[in-house]
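[1] Everything below, folded, please.
(chains A, B and C)
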Amino acid sequence: MSTATAPAETPDAEKRDAPLGGRFIGATANYIDERTSLSGFVKELGRKIFPDHWSFMLGEIALWSFVVVLLSGTFLTFFFQASMVPTHYTGAFLPMRGVEMSAALDSSLRISFDLRGGLLVRQIHHWAALVFVAGIGVHMLRIFFTGAFRKPRELNWVIGFILFILAMAEGFTGYSLPDDLLSGNGLRIIDGMIKGIPLVGTWISFLLFGGEFPGTAIVGRLYTLHILLLPAILVGLLVLHLMLMVINKHTQFAGPGRTNSNVVGYPMMPVYMSKMGGFLFITFGVIVLIASLFTINPIWNYGPYDPSPVSAGTQPDWYIGFADGALRLVPPGWEIVFLDRTWSFNILVPLVGLGLFIVLVAIYPFIEAWITGDKREHHIAERPRNAATRTAIGAAGVTFYAVLWAAASSDIIATHFYLTMEGVIHTLQALLVVGPVVAYFVTKRICIALQKKDREIVLHGYESGRIVRLPGGEYIEVHQPVDEYERWKLVDNDGYEPLVVRPNAHGRIPWHENLRASLSRWLFEDRLAPLTQAEIDAAVAHQHHELEHIAAEEDVELQGAHARAGVPGAPHTPIDDGHHSETAVRPSNVIVSDDGARQPVNPDEKNS
Amino acid sequence: MARETKRRSNGRRSPWAAAALIGIGLLITGGAYAGASAAMAAGTDTAVASGLTVDDGKKLFQANCATCHGLNLEGSTTGPSLYGVGELAVEFQVSTGRMPLQATAPQAPQKPAQFTEEQILAMAAYVQSQAPGPTFPSEQTLDGEGDVARGAELFRVNCAMCHNVAAAGGALTEGKYAPALGTTSALHMYGAMVTGPQNMPVFNDLTLTTEDKRDIISALLFLQQNESPGGFSLGSLGPVSEGLFIWIFGIGGLIAITVWITAKSN
Amino acid sequence: MAHEDDPLEHERASWNPSPGLAVAVSDPVEPPALPPHRERVTDKDPVAMKHAVRTVYTLFYLSVAASIWAIAAYMLFPIESGAIVDIRNNNMFVGLGIGLALLAIGIAAIHWSKAIMSDKEHIEPRHATRGRDTTRAAAVQAFSDANDDSGFGRRVVIRNSMIAAVVASLAPAVVLFRGLAPENTPANPIAGDPVALLEETMWTAGMRLVHDPEGTPIRAADVTLGSAVHVIPESLAELGHAEGYLEQKAKAIVLVMRLLPEDLIESPEKADWSYEGIVAYSKVCTHVGCPVALYEQQTHHLLCPCHQSQFDVTDAAKVIFGPAARPLPQLPITIDDEGYLIARSGFTEPVGPSFWERH
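    You can find the predicted model right below:
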């Protein structure tokens, strides 16, 4: 960096003869740049291009709601006491007055009832946490279904998945802090699950709770996790996640001018900055509005945790629901005594099953890369229909998760739909097995059908709704061609073939190569081979030829009609010229005026 | 998009016309129905029978209840004996509409009462006279001036596992349920605790003293009379309704907003 | 991270990723160029632009007003009276003010970016993620030089002993966390033994059953047919919260119910565990520990609300539905000479959720 005093000699973009923003801004910018090399940063990122699509903003839902969680949470830490020392509530809320409870619940009640705006911030914090995890969920779904986890973004997928788990952990530790009846029963359930783990379960429970359940330590320890350890790891990984996104640049959907080697969109300053900043404020505002109008986690109804009472309708927050549902769906009696030890399969099967599911999702990019053998960089987001098998696998996974999630509210489903809880649970047990299979099959077929429809439109145009009668008497519907921009979006260029296995150096084909080949056959069966430019040129030419032919027929008809109406010289205004759309009820070009004379109407006045 | 459709301005009905017509039609028929049923409800004839006697109760009983409960309260294959149920149970069951039972079901649902309060008291007096059982409580027990905090604690230990901590109701086995208590009267709270209707356990005065019951009733009345401090309670069903709400309205709304943000300005 | 401007960098021979085994399409479809820019109404019509500008700054001023309203609401809606309706109003009005203030800023910023800011699309080339061959060679050279300078690669013994030392240094840190749980003490020789702690409860022979939470004793005659009474041991009721009340309660809660004696199916060895149709079962669910408290007096079923396990009280509380695997442990009861319910003995098996060492 130059240290010249004359402004014209410094290379900074901010310093000119008439400095941008005035002399003060110019001097400040120079001061900072001379100490931090900020100008390099601004040059790289200031006008960085980001592509624009609504589905690219789902990650921002998560990011901005996390900001809300952080801000509201910081406020709460000034008032919350993470201690289980027993005390008596002496505040404003009558049904809790005089009740013996931990300092944690006491301080939470005081925040809610004895601090102006305290209840608002508590509710903002909890609602924002729900939005945060949900935002990560929809963002992950978008990444999965558009294949944005492919090279070079596999690592970012894993980081993002870990962020999802951390967010769930943050939520769980957070709502357990007030030490109320609902979250206390949740901790009891966690304790029971941990105790069921072979070999180390009893000891892990003992260490976690600092002795017997519930102990006097757990709230303090969860607090340490909730405000120190987990947020630190979360923020660190989040920064890494965003840095990778900046380095790799964002993916974009296929479109005119967009290739695998460029990014088309708007610059960071000013457009993206204001869209992102605006969305931050909107997310924040929506959460605050919800928090001012809707109650969440009414701890004053639950009261202090005690092992004796329990509420009907005991569920965890929504993002833990799939685990609770998994526990509920286990049939009775899944426990054996073997080798003088108790094997609690009613705990282990859900734990291991969910663990497997989570691991599979986390390593999916690597599985798909291994099957396809595709080592290219992919920067075009695929339309889900064009990756039929992957989309079907995703639909099956979502169905599996959704059935478990629904199972967590089995008792509420029973009361609200006048069903027996046994019927609900049995149905969900069946759906857990059958649902993903059916979802896979149906989704795959729908994707392939949509691909065929897209191809139809590219090759034959879209159905315009206009019926034309040909001289032979047959009726046809006119297909209008799509323009080249639309056509490009409907064409998918990725060509995949199933792997051909080759013998290795020893002349053998190892079993894992055979497995890989059969998986890639499964992945790419029923694929549509991509169109070639030649095919498209031929199709477009054919479409135009058809249209000309139809136009000629139409001309003849119109001429005949005009002849019969007595105005053979009237101009032939095409009914659909590509700019004025067809209407079902439309006056003819010819109008009989009052004096009986037949006048052609000026076509320009007609088409308004 | 490639095509820009022009607005059709020549003689074509608006696409909203059909929806508007259906909406207006629904409003008219719905409004007429509501008005008619309100008029009918208002016109309920309050029987001029003032001060019905035990004998009137007996006649009402024999006309409406004896088929299942026997002419002498001895019960039958279709209904249990009413010996010792007391006037409290009769008032509870008939006044909440559970009796007369409409059909066999997992449990007797509440429905509009089929008798006036005087008729119910007469039937209750009759049953009480045949075989005494639990009686009506004192005024003080139902006054709602008990210890709300203690009552809430007793409610959580004895009642919340079926009825939910905020009295929003809950599920029992095989299609049965513990109802929500948001509109239950103090007398019916007392009556249910003492008589243990259907599968609800019996809470006699040694399990829960009269003072305990007064406190529980006071706590429930407090819940009924005070709205949730945090805003709409979403049914007080806990994380399930909160999760549903945030997904449908929170995420749904935010995604709708992202579509707006990234749509091209016209 | 700072790339030099080289738009054809990825075409050069140095950037040559292996395509793996995927297939390249022959004669791929040619992508069209960027479509021509379509003017917005604010670009074409200066009145519309003025209207948009006005909308934006009106929204910003509205936001200011909302923030002022939020502060005013904070002062106008005090909560110190303790009335619920005051808290509700404060929550709602302060919240609406803040929420609207934030929303207005957001909507104004979005409208500005959509309608007023330039919507010209830009194209930026991507650079290969992989470093250039020269860069990579330099990186390899850096490691190689460091290796030569340190002798790390050659000196195997130094390297292995270093790894061993670093790994070993973590071990004491892990061991420190044993302190998360208590150790045995002279006063309580099983304080640090989780299995022993799980196997004992406060119930002993002769311990009176008392109401939860008041602590008043219960006569057998008080428990009428159809009753469900929540019960704790008498000595628990005298324990303070600081003395382990909740920890003992978590194992000692019991539910007492009365059925008709002829409805009870009892095995001969447990025939004297009930008293004239009164039975007592542990209230801790054998699934994962929630209180099993929903008693249906006509069906004699006990339902746990957490995961819907169901137990049949007529038949030793065996599991008839749901994920629980073991019946509820029964507390043997009888009466003392005053007619109060007492335990014959403690539980004969550990209560609550299963654990590895249970059998």
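
[2] care to break chain A down by domain?
    Using automatic domain parsing, the domain parsing of chain A gives A:7-45, A:49-310, A:464-492+A:532-606.

[3] Looking at the ones you listed, which is nearest to chain C?
    Comparing the domains of chain A by their distance to chain C (CB to the nearest CB), the top pick is domain A:49-310, with 2.2 Å. (Glycine included, C-beta is placed from N, CA and C.)

[4] how many other residues sit next to residue 44?
    If you meant another chain, say so; for now it's chain A. Neighbour count of residue A:44, defined by other CB atoms under 10 Å in any protein chain shown: 13.

[5] nope, chain C
    Neighbour count for residue C:44, taken as other CB under 10 Å: 9.

[6] Pop out the phi and psi values for it.
    Main-chain dihedrals, residue C:44, degrees, to the nearest 10: phi -80, psi -40.

[7] deepest of the domains of chain A, which one?
    Among the domains of chain A, the stretch with the highest mean neighbour count (mean count of other CB atoms under 10 Å in any protein chain shown) is domain A:49-310, at a mean of 21.

[8] Same list (the domains of chain A) but as JSON lines, adding distance to residue C:196 and mean pLDDT.
    Output for those, formatted as JSON lines (distance: least, CB to CB, whole Å; pLDDT from 0 to 100):
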{"stretch": "domain A:7-45", "distance to residue C:196": "61", "mean pLDDT": "77"}
{"stretch": "domain A:49-310", "distance to residue C:196": "10", "mean pLDDT": "96"}
{"stretch": "domain A:464-492+A:532-606", "distance to residue C:196": "66", "mean pLDDT": "74"}
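
[9] Any chance of those in CSV with distance to chain C as columns?
    As requested, the domains of chain A are exported to CSV (distance: least, CB to the nearest CB, whole Å):
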stretch, distance to chain C
domain A:7-45, 6
domain A:49-310, 2
domain A:464-492+A:532-606, 4
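
[10] Chain B is nearest to which of those domains?
    Relative to chain B, the nearest member of the domains of chain A by CB to the nearest CB is domain A:49-310, separated by 3.3 Å.

[11] So what's the gap between that closest one and the chain middle?
    Distance of domain A:49-310 from its chain centroid, counting by CA atoms, centre = their mean, to the nearest Å, is 17 Å.

[12] before we move on, what about stretch B:136-143?
    Centroid displacement of stretch B:136-143 relative to its chain, using CA atoms, centre = their mean, is 22 Å.

[13] Now it: buried residues?
    By 16 or more other CB atoms under 10 Å in any protein chain shown, the buried positions in stretch B:136-143 come out as B:136, B:137, B:141, B:142.

[14] Give me the longest helix you can find in the chain.
    Going with chain A. helix A:421-460 (DSSP state H).

[15] try again with chain B
    Secondary structure of chain B per DSSP H: the longest helix is helix B:16-42.

[16] other SSEs contacting it?
    Of the remaining helices and strands, none touches helix B:16-42 by 3 or more CB pairs under 8 Å, 6 or more residues apart in numbering or on different chains; DSSP states H and E.

[17] So which elements touch the next helix or strand after it?
    Following helix B:16-42 in sequence order, the next helix or strand is helix B:54-64 (DSSP states H and E). Helix B:54-64 is packed against helix B:117-130, with contacts defined by 3+ CB pairs under 8 Å, 6+ apart.

[18] one step back: got JSON lines for the buried residues of stretch B:136-143, with secondary structure too?
    What follows is the buried residues of stretch B:136-143, written out as JSON lines (DSSP: H, G, I helix; E, B strand; the rest coil):
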{"residue": "B:136", "secondary structure": "coil"}
{"residue": "B:137", "secondary structure": "coil"}
{"residue": "B:141", "secondary structure": "helix"}
{"residue": "B:142", "secondary structure": "helix"}
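
[19] Keep only those residues that also lie close to chain A.
    By CB under 8 Å from any CB of the partner chain, no member of those lies near chain A.

[20] Now do the buried residues in the longest helix of chain A.
    Neighbour counts over helix A:421-460 (16+ other CB under 10 Å) mark A:421-422, A:424-425, A:427-429, A:431-432, A:435-436, A:439-440, A:443-444, A:446-448, A:450-451, A:454-455, A:457-459 as buried.

[21] what does stretch C:46-59 give?
    Neighbour count says stretch C:46-59 has C:49, C:52, C:55, C:56, C:59 buried, by 16+ other CB under 10 Å.

[22] Any part of it near chain A?
    No: for a cut-off given as CB under 8 Å from any CB, stretch C:46-59 has no contacts with chain A; the smallest distance is 10.4 Å.

[23] any idea how far that stretch is from the chain center?
    Relative to the chain's own centre, stretch C:46-59 is displaced by 48 Å; criterion: CA atoms, centre = their mean.

[24] what's it in contact with?
    The contact list for stretch C:46-59, computed with CB atoms under 8 Å, 6 or more residues apart in numbering or on different chains, reads C:41, C:42, C:43, C:104, C:105, C:107, C:108, C:111, C:112, C:115, C:116.

[25] Cross-check the contact I'm expecting between the first one and residue C:116.
    In other words, residue C:41. No: using CB atoms under 8 Å, residue C:41 is not in contact with residue C:116; the gap is 11.6 Å.

[26] Tell me which of those two has more neighbours.
    Higher neighbour count among residue C:41 and residue C:116: residue C:116, with 19 against 14, using other CB under 10 Å.

[27] Could I get the pLDDT score of the closest residue to the more buried one other than its chain neighbours?
    Spatial nearest neighbour of residue C:116, chain neighbours left out: residue C:52 (5.5 Å); criterion: CB to CB, 6 or more residues apart in numbering or on different chains. Note on residue C:52: pLDDT of 94.

[28] now residue C:52: how far from residue C:44?
    Taking CB to CB, to the nearest Å as the measure, residue C:52 falls 12 Å from residue C:44.

[29] what separates stretch C:352-359 from the chain centre, distance-wise?
    On CA atoms, centre = their mean, the centre of stretch C:352-359 falls 23 Å from that of its chain.

[30] In terms of distance to chain A, which of the contacts of stretch C:46-59 ranks first?
    Comparing these against chain A with CB to the nearest CB places residue C:105 closest, at 4.4 Å.

[31] So stretch A:172-183, near chain B or not?
    Yes: looking at stretch A:172-183 against chain B by CB under 8 Å from any CB, the contacts come from A:181, A:182.

[32] and that stretch, C-alpha only, in CSV?
    Included here for stretch A:172-183 are C-alpha records, laid out as CSV according to Å, rounded to 0.1, in the frame of the first residue of the first chain:
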residue,chain,number,x,y,z
PHE,A,172,-32.8,-29.3,23.1
THR,A,173,-30.4,-27.9,25.7
GLY,A,174,-32.1,-24.6,25.5
TYR,A,175,-35.7,-25.7,26.2
SER,A,176,-34.4,-27.9,29.0
LEU,A,177,-32.9,-24.9,30.9
PRO,A,178,-36.1,-23.6,32.7
ASP,A,179,-36.3,-27.0,34.5
ASP,A,180,-40.1,-27.2,34.0
LEU,A,181,-42.3,-30.3,34.0
LEU,A,182,-42.4,-30.7,30.2
SER,A,183,-38.7,-30.4,29.5
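
[33] thinking again about what came up before, any chance of the buried residues of stretch B:136-143 in a markdown table, with distance to residue A:83 and pLDDT too?
    Converted to a markdown table, the buried residues of stretch B:136-143 look like this (distance: CB to CB, whole Å; pLDDT from 0 to 100):
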| residue | distance to residue A:83 | pLDDT |
| --- | --- | --- |
| B:136 | 48 | 95 |
| B:137 | 43 | 95 |
| B:141 | 39 | 94 |
| B:142 | 40 | 95 |
